[in-house]
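In: Take a look and give me a structure for this.
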Amino acid sequence: CIDGYGPSVTSTKFRCSDCSNAWYGIPLYLLLELVPVTVLYLIMLIFQVNITSAPMISFIFYSNVILLSLNFNFFTQDGVESQALGTMAALSYGIWSLDFFRYAIPPFCISPHLKIIHVLYLQSVSTVFSYVLIAFTWLCIELYSRDYKVVTVPWQLLNRVIFKHINVKWNSGRTVIDAFATFFLISFSKLSLVLLIPLYPQGVHNLNLTDLSLTVALHSYTDASVNFVTKEHLPFAVISIAIFIFLLLPPVLLLAFYPSQKFRSILFKCLPKRSIGPLNIFVEKFYSCYRDGLDGGRDMRSFAGFHFLLRFLPFFLYGFQLQHTCFLS
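Out: Sure thing, here's the model as predicted:
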């Protein structure tokens, strides 16, 4: 069985010896994944922390690159070998990829039926949950605007007890959009890692010393027990490609081409008018630190999407290096 937590899901060093009595694995995993995300979301929501402009956006990009290197085992042969390095990564960089304690807490078992590729996809739980919180916030705002007591009464209580001591100007329309932009930025690299790594092949060479025969097969990079492009691998590949094309890529292309007047004219013809306002608010969250060209200079706002595209570069460069493993039998 495979550990649900720990420095590297591709590591073979951290394996469970017995999962039969590990009843606490699933609750503990959900606790470590969901509670920190909820706390971070509340902090970002209540205090309206802006991390989508310079210099925070550059620091988050740097943090994501460091964690990407750790996941690809660039620094050590078998992941994070030092507890001190793991703690530093968790406290300094992990929070900006929604990996709060993954590199600091020792591995523990979740289920004997999980493979490495399943554990990798489990890392997206915190990312998906952040968008569930955003959807829940939007629902609460809608119910509050329609004066539903199930929302207005708790809000008035919280406002008297807590929010009256915090100098925050609430704008219900911007609140959900700001939260979405913030967590899209934070979760982008982690979700890209979870989705793209299973698409890498690993060449496995099996050399039979008896008859000197050599067989070569392609397996999943994340799990050598899963043959590449088979019935077991294809569902994960299809899910990864679909989420990448329909969820990750559109906002990036939007940020890159939105400053173009021709692109906006085509986009506005395809979208309902009521979505134009929220769309402008979303892109302005990332455009605020770039020149808009209104002073006669060059419009540099397209670079807001460029740094998202840069995060794909390590995946593509690493993908050209087909991994090989040799077994002697």
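In: Go ahead and produce CSV holding the CA coordinates of the helix or strand containing Gly277.
Out: Using DSSP states H and E, Gly277 sits within helix 276-287. Output of helix 276-287 as CSV, limited to C-alpha atoms (Å, rounded to 0.1, in the frame of the first residue of the first chain):
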residue,chain,number,x,y,z
ILE,A,276,-18.8,41.2,-18.8
GLY,A,277,-18.6,43.1,-15.5
PRO,A,278,-17.3,40.1,-13.4
LEU,A,279,-14.9,39.3,-16.2
ASN,A,280,-13.4,42.8,-16.1
ILE,A,281,-13.0,42.6,-12.3
PHE,A,282,-11.2,39.2,-12.6
VAL,A,283,-8.7,40.3,-15.2
GLU,A,284,-8.1,43.7,-13.4
LYS,A,285,-7.0,41.7,-10.4
PHE,A,286,-3.9,40.5,-12.4
TYR,A,287,-3.5,43.6,-14.6
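In: for it, packing partners?
Out: helix 172-196, helix 249-257, helix 303-310 (3 or more CB pairs under 8 Å, 6 or more residues apart in numbering; DSSP states H and E). Every residue, glycine included, has its C-beta placed from N, CA and C.
In: which stretches of the stretch 101-250 of the chain have low pLDDT?
Out: 103, 163-173, 203-217 (pLDDT under 70).
In: would you list every one of the helices in it?
Out: Applying DSSP state H, counting those that start in this stretch to the stretch 101-250 of the chain gives helices spanning 116-122, 125-145, 149-161, 172-196, 234-243, 249-257.
In: What residues of the second one count as buried?
Out: Of all the residues in helix 125-145, those buried under the rule 16 or more other CB atoms under 10 Å are 125-127, 129-130, 133-134, 137-138, 140-141.
In: closest to Ile241 among the residues you listed?
Out: Thr127 (17.1 Å; CB to CB).
In: Hmm, that closest one is touching Ser187, no?
Out: Yes. Counting by CB atoms under 8 Å, Thr127 does reach Ser187; the two are 4.2 Å apart.
In: so what sits against both of those two?
Out: The contact sets of Thr127 and Ser187 overlap at Leu98 (CB atoms under 8 Å, 6 or more residues apart in numbering).
In: Distance to Ala242 added to the buried residues of helix 125-145, as CSV?
Out: Below are the buried residues of helix 125-145 laid out as CSV (distance: CB to CB, whole Å):
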residue, distance to Ala242
Val125, 18
Ser126, 20
Thr127, 16
Phe129, 20
Ser130, 20
Leu133, 23
Ile134, 21
Thr137, 26
Trp138, 24
Cys140, 29
Ile141, 29
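In: Of these, just say which sits nearest to Ala237.
Out: Thr127 (18.9 Å).
In: give me every residue that touches that closest one.
Out: 98, 187, 190-191, 194.
In: Take those residues and lay them out in TSV including distance to Pro107 and neighbour count.
Out: As requested, the contacts of Thr127 are exported to TSV (distance: CB to CB, whole Å; neighbours: other CB atoms under 10 Å):
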residue	distance to Pro107	neighbour count
Leu98	19	24
Ser187	23	23
Lys190	19	22
Leu191	22	23
Val194	18	22
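In: Asp299: which of those residues is nearest?
Out: Using CB to CB, the contacts of Thr127 come closest to Asp299 at Ser187, 28.0 Å.
In: Contacts only, for that closest one.
Out: By CB under 8 Å, 6+ apart, the neighbours of Ser187 are 97-98, 126-127, 130.
In: Distance of Glu232 relative to Ile141?
Out: 43 Å (CB to CB, to the nearest Å).
In: and what of His113?
Out: Distance, His113 to Ile141, using CB to CB: 40 Å.
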